[in-house]
Structure formats: C-alpha cells, structure tokens
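**Q** generate a structure from the sequence data that follows.
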Amino acid sequence: MALQFKKLLSGSPELRSLTARAQSLSALQRHLMAVAPPHFAQSSQVLSLQQGTLNVAVANATVAAKLRQLAPELVLMLQNRGCEVSGIRVRVQVIAPPVQPRHTPRKLSKAARDALNQLSADLDESPLRHALEKITGNKG
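**A** This next block holds a predicted model:
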C-alpha cells in the first residue's frame with residue numbers, strides 16, 4: 001500500500017513538487033526542534049521558507065517573544081546544519097482546544113434491564129449485586 005502511495009505521488013509533476021516541499025518543511029521542522037530549547041520547539045510549527053525567511057507559528061505570545069529573542073542564534077545553528085535560512089519570522093497562532101463531546105448517559109434496553117435485574121436477584125448480598133442494582137436503578 002505504501003509503495004502504491006509513493007508511486008502515485010511520484011507520478012505527476014505537481015505532486016512531486018508538493019512532496020518535495022512537504023519533505024523540505026518536515027526536515028526544517030526537525031532541525032528547528034533540534035536547535036531550539038525543548039519547550040519552545042514543541043510549541044512551534046514551521047509554516048514555510050520564503051526567500052530565506054523561516055516562518056514559524058507558535059501557540060502563544062510568550063513563546064513568540066522568546067523565539068524572537070533567540071532568532072539570531074537559531075539562524076546560525078540552522079545554517080550550521082546546512083539549512084538555507086537567513087531569518088526567522090514568528091507568528092502567534094492560537095489553537096482552540098478541541099470541543100469535548102457532552103457525556104450523555106446511556107439507557108439500558110428493557111431486555112437488558114430485565115436480564116440484569118434477574119441476575120442481581122439470583123446473587124447473594126455482594127458488591128456485584130449492589131453494582132447491578134445501581135446500574136438498573138433497582139435499589140433492591
């Protein structure tokens with residue numbers, strides 16, 4: 001399957017250039033993660049490289065301010081790794097937290113409730129019996 005996917009990507013000139021660009025950005029991301037302090041590297045995402053300027057998105061203004069301060073050092077370290085970077089532009093892109101789905105209690109079908117009631121009635125006094133009674137809403 002992976003071989004077919006690679007064959008598809010290399011089949012058309014447009015997809016080849018897109019693949020090369022994606023690989024280039026992925027390599028720049030790895031280089032940035034290697035040279036930046038760990039907390040800042042994890043909070044940063046390489047967006048593009050345009051005319052030698054590495055465009056990086058960060059999660060908040062604090063990280064952005066610190067990366068801007070470190071930019072000259074990071075540029076030198078990236079250049080030492082063979083990256084053709086002459087500057088770094090940092091942008092704040094706040095990511096909204098994912099919406100948590102509301103927990104809706106599930107309801108037992110009548111057949112399931114009857115079966116659990118029958119099972120709890122057949123059991124001696126025990127934690128399992130109490131749990132089944134709690135699940136079915138039948139308090140003994």
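**Q** in the protein, which spans are strands?
**A** 44-50, 53-58, 87-92 (DSSP state E).
**Q** pipe these into TSV and attach mean pLDDT, mean neighbour count and distance to Pro38 per row.
**A** C-beta coordinates here come from the backbone N, C-alpha and C atoms, glycine included. Below are the strands of the chain laid out as TSV (pLDDT from 0 to 100; neighbours: other Cβ atoms under 10 Å; distance: least, Cβ to Cβ, whole Å):
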stretch	mean pLDDT	mean neighbour count	distance to Pro38
strand 44-50	92	16	11
strand 53-58	94	20	14
strand 87-92	95	15	17
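**Q** quick one: closest of those strands to Lys134.
**A** strand 44-50 (46.8 Å; Cβ to Cβ).
**Q** quickly run through the sheet partners of that closest one, with directions.
**A** Strand pairing for strand 44-50, determined by DSSP bridges: strand 53-58 (antiparallel).
**Q** need the contact partners of the partner strand.
**A** 28, 32, 40, 43-49, 64, 67, 75, 78, 83, 85-93 (Cβ atoms under 8 Å, 6 or more residues apart in numbering).
**Q** give the contact list for Ile135.
**A** Contacts of Ile135 by Cβ under 8 Å, 6+ apart are 108, 116.
**Q** distance of it relative to Pro105?
**A** 11 Å (Cβ to Cβ, to the nearest Å).
**Q** cool, Thr19 as well?
**A** Counting by Cβ to Cβ, the gap from Thr19 to Pro105 is 47 Å.
**Q** the more surrounded of the two?
**A** The neighbour comparison of Thr19 against Pro105 (other Cβ atoms under 10 Å) goes to Thr19, with 14 against 4.
**Q** pretty sure that one sits against Pro13.
**A** No: with contacts counted by Cβ atoms under 8 Å, Thr19 stays clear of Pro13, the gap being 10.7 Å.
**Q** got a markdown table for the strands of the chain, with distance to Asp122 too?
**A** Formatted as a markdown table, these follow (distance: least, Cβ to Cβ, whole Å):
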| stretch | distance to Asp122 |
| --- | --- |
| strand 44-50 | 59 |
| strand 53-58 | 61 |
| strand 87-92 | 63 |
